[in-house]
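Engineer: Quick one: sequence plus predicted model below, questions after.
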Amino acid sequence: MINIRSYGATQEVTGSCHIVEIDDKKIMIDCGMFQGEEEEENQKSFEFNPCDIDYVLVTHAHLDHIGRIPKLIKEGFSGEIYATTPTMELAYIILMDSAKIMNEDFNTRKRKAVRKAQDKLLKKPLYGPLDVQKTFNQTTWVNPEYDTYYELCEGISVNYKNAGHILGSAFIELSYMEKGKSKSIVFSGDIGNSNKLVLPDLQKCKRANTLYIETTYGDRDHQSIKSTIKEFKKVIISTLNKKGNILIPSFAVERTQELLCILRDMYNKDELPKCKIFLDSPMATKATEVYRKYNTKLSGKCQHNVEEDGTVFNFNSLIYTQTPTASKAINDVKSRAIIIAGSGMCNGGRITHHFKHRIWNPKNAVLFVGYQAKGTLGRKLVEGTEWINLYGEDIIVKASIHTINGFSAHADQKAMIKWVSKIKKLEKVFLIHGEKESQKVFKKAIKEKLDIDAHIVKHKEKIILN
């Protein structure tokens, strides 16, 4: 008997964590961090025994899919972790950054709590940099290549396919034998929005008996990438021509590289007004280096722009700021600056400092190019809040707010239904990794268009596959 339980990304977007039990083996798909309104869930004990998990299969390196792996290891997991080589390298960067932010935040809160004699009530960070080091140095990592079957143990194998979401991302086919027949479960992870800006398109899924699919944008379709880029350019050019500044909260992996690709193209075509572009994110800078290292895995367009030294995204207007001092110096640039900084949902990072200095100025623009989860500062700004509180100070929002969803690294409803329609032998579909309303819409759409009765997975619900 095969059964599956989901301990995250159930009627919510973050915290991806699913355990498949096949005979006496327990196989975990992702172990992600909760973000936004569910962030407090990270502090709770796992609802299973980490010592019982035999394997962790990682779909990709975003924090909501890998963010609790060091915690899993701290609490007893000692099995093997499967991830593509780019995913492993990006995961190290992202987890080290996560540990750094959590510990800096804890130290700040501790100083304030000590003054109120409340320091004993503080919850400690999930993990620190040493725990991340242990995750990579004292744990066995297996790096599968795409389109290759790997035997986890007798009778169970895994095959990674290119998901086209971020560098190294995969949807995972888990194969096993049942009554002498080969069966398979596919976990989509996050499947990509095929725009060919940086990555090749999402691969087709040829067969699966059971599918667990993300539904982040199950309730809508994105505008075309052509229209998206046109809208992006319009905001950039009009703001710079008014001698304003553009603040772009951006995810360090994939979204940042897409923006650099477009800005470089604008620069080469003389479409970009005179300006300075600051990539103010050490993590994004490190991630961009990984993209450079694996440039042969990028789209044809990107490979066409690869320099002899492997550089893909650099051009004269672009400035990488590594240190806090260099980041603060951006404040001296009064106009015509494009500032790309993390975090992507504005729940921390350098972008909040830039908001403090510029979001009150009507000449400036804030340009959102990614999903904003419920409970985050980014979501509040997208929904039109007039005031924000940063570092104990109430700040009025006068900068224009722009949301461009066509850059999404996630497939939209139309693309997901097309992808599912090509899967042969499909018997059961389960919806995960999406807000409840989005899942309801997608469930209805997949029934109407493919005549498939999909099931919305509940937290800890035991799904039994016969």
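Structural biologist: All right, it came through fine.
Engineer: which of the residues in the lowest-mean-pLDDT helix or strand in the chain are buried?
Structural biologist: Least confident helix or strand of the chain, by mean pLDDT, DSSP states H and E, is helix 300-304 with a mean of 81. Residues of helix 300-304 classed as buried: Cys302 (neighbour count, 16 or more other CB atoms under 10 Å). (Glycine included, C-beta is placed from N, CA and C.)
Engineer: now swap in stretch 49-66 and tell me
Structural biologist: Neighbour counts over stretch 49-66 (16+ other CB under 10 Å) mark 50, 53-66 as buried.
Engineer: so Gly36 touches Ser343, yeah?
Structural biologist: No - using CB atoms under 8 Å, Gly36 makes no contact with Ser343, being 11.6 Å away.
Engineer: and the next element down the chain from the least confident helix or strand of the chain?
Structural biologist: Going down the chain from helix 300-304, the next helix or strand is strand 318-320, by DSSP states H and E.
Engineer: Point out the other elements, helices or strands, that that following strand touches.
Structural biologist: If you count contacts as 3 or more CB pairs under 8 Å, 6 or more residues apart in numbering; DSSP states H and E, strand 318-320 packs onto helix 255-268, strand 276-280.
Engineer: can you give me the offset of whatever helix or strand comes next after that strand from its chain's centre?
Structural biologist: Next in sequence after strand 318-320, counting helices and strands by DSSP H and E, comes helix 324-329. Counting by CA atoms, centre = their mean, to the nearest Å, helix 324-329 is centred 26 Å from the centre of its parent chain.
Engineer: Over to stretch 132-145?
Structural biologist: Computed by CA atoms, centre = their mean, the chain-centroid distance of stretch 132-145 equals 20 Å.
Engineer: again, but for stretch 373-380
Structural biologist: Distance of stretch 373-380 from its chain centroid, counting by CA atoms, centre = their mean, is 15 Å.
Engineer: Now it: average pLDDT?
Structural biologist: Computed over stretch 373-380, the mean pLDDT rounds to 90.
Engineer: quick one on the thing from earlier: who does the least confident helix or strand of the chain touch, helix- and strand-wise?
Structural biologist: Applying 3+ CB pairs under 8 Å, 6+ apart, we find helix 300-304 packed against no helix or strand.
Engineer: Please shift the residue numbers so they start at 322 in all later answers.
Structural biologist: Yep, numbering from 322; the last one is helix 621-625 now.
Engineer: Give me the buried stretch members for stretch 667-682, please.
Structural biologist: Within stretch 667-682, the residues that count as buried by 16+ other CB under 10 Å are Cys667, Asn668, Gly670, Arg671, Ile672, Thr673, His674, His675, Phe676, His678, Arg679, Ile680.
Engineer: The last one against Lys719, yeah?
Structural biologist: In this case it means Ile680. Yes - Ile680 lies in contact with Lys719 (CB under 8 Å); the separation is 7.2 Å.
Engineer: Now stretch 586-602 - C-alpha only, PDB.
Structural biologist: Extracted in PDB, the C-alpha atoms of stretch 586-602 (Å, rounded to 0.1, in the frame of the first residue of the first chain):
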ATOM      1  CA  ASP A 586      19.100  44.100 -24.000                       C
ATOM      2  CA  MET A 587      17.700  47.600 -23.500                       C
ATOM      3  CA  TYR A 588      21.300  48.900 -22.900                       C
ATOM      4  CA  ASN A 589      22.600  47.200 -26.100                       C
ATOM      5  CA  LYS A 590      19.700  48.600 -28.100                       C
ATOM      6  CA  ASP A 591      20.100  52.200 -26.700                       C
ATOM      7  CA  GLU A 592      16.600  52.000 -25.200                       C
ATOM      8  CA  LEU A 593      17.800  52.600 -21.600                       C
ATOM      9  CA  PRO A 594      18.000  56.200 -20.500                       C
ATOM     10  CA  LYS A 595      21.200  57.200 -18.800                       C
ATOM     11  CA  CYS A 596      21.100  55.700 -15.300                       C
ATOM     12  CA  LYS A 597      22.900  53.500 -12.800                       C
ATOM     13  CA  ILE A 598      21.700  50.000 -12.100                       C
ATOM     14  CA  PHE A 599      22.500  48.600  -8.700                       C
ATOM     15  CA  LEU A 600      22.200  44.900  -7.900                       C
ATOM     16  CA  ASP A 601      22.100  45.400  -4.200                       C
ATOM     17  CA  SER A 602      21.900  41.800  -3.000                       C
END
